[in-house]
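Participant: For reference, the sequence and a predicted model appear below.
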Amino acid sequence: MKVILCLFGVVPRSIKHTYPQLDSKIVKPLKDNFETDIYCFNLNVEDTLVDGRNINQSDCKIIPYDYFEERKQKELDTEINKFCKDGICSIQGKNIDDLRTKNSIRTMYSEYRTSLFLKSVQDKYDTVIVISPDYYPIDTISINDVEKTYECKEMVFTSDQADFMDGYTDGYYIGSVVSIIKIMERYQNLKNYLPSKKNHEWILRRSFEDNNIIRSVTSMTFFKIRANKEVKVLRENDKEYIKLRKTLDK
């Protein structure tokens with residue numbers, strides 16, 4: 001069984017803080033059990049501040065990737081602004097001028113680019129694991145769940161710790177190549193989902209339902225680390241938070 005681990009988005013945002021944990025909880029367990037390659041898509045913000053901080057694009061090299069692609073964010077924003085000029089791009093009632101809305105669409109684009117890559121190699125891999133590079137996983141990836149997706153091609157595992165507004169937690173997926181491609185193509189189908197008074201987690205759920213993908217929940221808790229070292233805690237874990245905070249404060 002051959003798997004590919006995909007990381008996507010503004011990769012240098014906090015990868016220097018998250019990668020040691022990603023390596024321990026995701027990469028090494030995968031490589032201990034399967035032939036594993038790593039793909040990375042970076043949305044290159046150049047000199048734009050992220051969380052009020054400058055970020056170093058060379059931090060992408062912290063990841064020992066086998067494949068790497070990127071696009072400049074300013075080029076993508078031109079595309080997004082053109083698409084959204086008629087007011088269609090409203091998420092939770094907020095239009096494209098709201099940074100949260102624009103970041104949601106940028107994230108869906110980064111997933112879409114990952115799906116395009118997966119289409120080019122889909123005959124090479126059995127299962128895909130996808131994780132946002134600013135996620136700091138608390139639990140070790142479930143090898144049993146990885147194996148289940150080989151048996152059931154229509155099943156995709158996600159965490160449930162950010163299931164808000166009737167949606168599914170995004171940014172961490174385990175599934176067959178064909179199913180992962182389908183749920184990560186949301187960007188090219190935005191007209192089917194927008195405008196929406198719901199959030200981007202709800203859009204993900206719609207993608208599952210529209211493609212008849214079975215959503216299963218895997219045991220994974222994670223924190224989200226920002227470029228300014230702020231930690232977003234989606235599910236309380238005081239012991240792990242204190243440990244992380246000590247590391248970040250050094």
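Facilitator: Received it, and whenever you're ready, just let me know what you need. Numbers count the residues shown, from 1 in each chain.
Participant: So which residues of the chain form strands?
Facilitator: Ranges of strands in the chain, per DSSP state E, are 2-9, 35-44, 67-72, 127-131, 135-137, 155-158, 172-176, 214-217, 222-225, 231-233.
Participant: which helices and strands does the helix or strand bottoming out on mean pLDDT in the chain pack with?
Facilitator: In the chain, no helix or strand scores lower on mean pLDDT, DSSP states H and E than helix 238-248, which sits at a mean of 85. Helices and strands touching helix 238-248, as assessed by 3 or more CB pairs under 8 Å, 6 or more residues apart in numbering; DSSP states H and E, comprise strand 222-225, strand 231-233. Bear in mind the C-beta positions are built from the backbone N, C-alpha and C, glycine included.
Participant: What pairs with the last one, parallel or antiparallel?
Facilitator: Within its sheet, strand 231-233 is paired with strand 222-225 (antiparallel), according to DSSP bridges.
Participant: mind listing what's buried in stretch 115-126?
Facilitator: Residues of stretch 115-126 classed as buried: Ser115, Phe117, Leu118, Gln122, Tyr125, Asp126 (neighbour count, 16 or more other CB atoms under 10 Å).
Participant: Run the chain-centre distance for that stretch.
Facilitator: Distance of stretch 115-126 from the chain centroid (CA atoms, centre = their mean, to the nearest Å) equals 17 Å.
Participant: swap in stretch 87-104?
Facilitator: Offset of stretch 87-104 from its chain centre (CA atoms, centre = their mean): 19 Å.
Participant: average model confidence for that stretch?
Facilitator: Stretch 87-104 shows a mean pLDDT of 93 in the predicted model.
Participant: Now, the buried residues of stretch 115-126 that are in helices?
Facilitator: With helices defined by DSSP state H, the entries of the buried residues of stretch 115-126 inside them are Ser115, Phe117, Leu118.
Participant: pretty sure the first one is touching Ser179, no?
Facilitator: No: counting by CB atoms under 8 Å, Ser179 is not a contact partner of Ser115; they are 10.8 Å apart.
Participant: one step back: grab the CA positions of the least confident helix or strand of the chain and hand them over as CSV.
Facilitator: In CSV, the C-alpha atoms belonging to helix 238-248 read as follows (Å, rounded to 0.1, in the frame of the first residue of the first chain):
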residue,chain,number,x,y,z
ASP,A,238,-4.6,21.7,29.1
LYS,A,239,-1.6,19.4,29.4
GLU,A,240,-0.7,19.6,25.8
TYR,A,241,-1.4,23.3,25.6
ILE,A,242,0.9,24.1,28.5
LYS,A,243,3.7,21.9,26.9
LEU,A,244,3.3,23.7,23.6
ARG,A,245,3.2,27.1,25.2
LYS,A,246,6.5,26.5,27.0
THR,A,247,8.1,25.5,23.6
LEU,A,248,6.8,28.6,21.8
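Participant: ok, residues contacting it?
Facilitator: Outside helix 238-248, the residues that touch it by CB atoms under 8 Å, 6 or more residues apart in numbering are His17, Tyr136, Ile138, Phe223, Ile225, Lys229, Val231, Val233.
Participant: what pairs with the last one across the strands?
Facilitator: For Val233, the beta-bridge assignment (DSSP bridges) gives partners Phe223.
Participant: quick one: contacts for the nearest residue to Ile105 once chain neighbours are set aside?
Facilitator: Spatial nearest neighbour of Ile105, excluding adjacent residues (CB to CB, 6 or more residues apart in numbering): Ile80 at 5.6 Å. Contact partners of Ile80, counting by CB under 8 Å, 6+ apart, are Cys89, Ile96, Lys102, Ile105, Arg106, Tyr109.
Participant: and which of those residues is nearest Ser132?
Facilitator: Nearest to Ser132, judged by CB to CB, of the contacts of Ile80 is Arg106 at 12.2 Å.
Participant: ok now do that closest one, which residues does it touch?
Facilitator: Contact analysis of Arg106 by CB under 8 Å, 6+ apart lists Gly9, Leu43, Gln73, Leu76, Asp77, Ile80.
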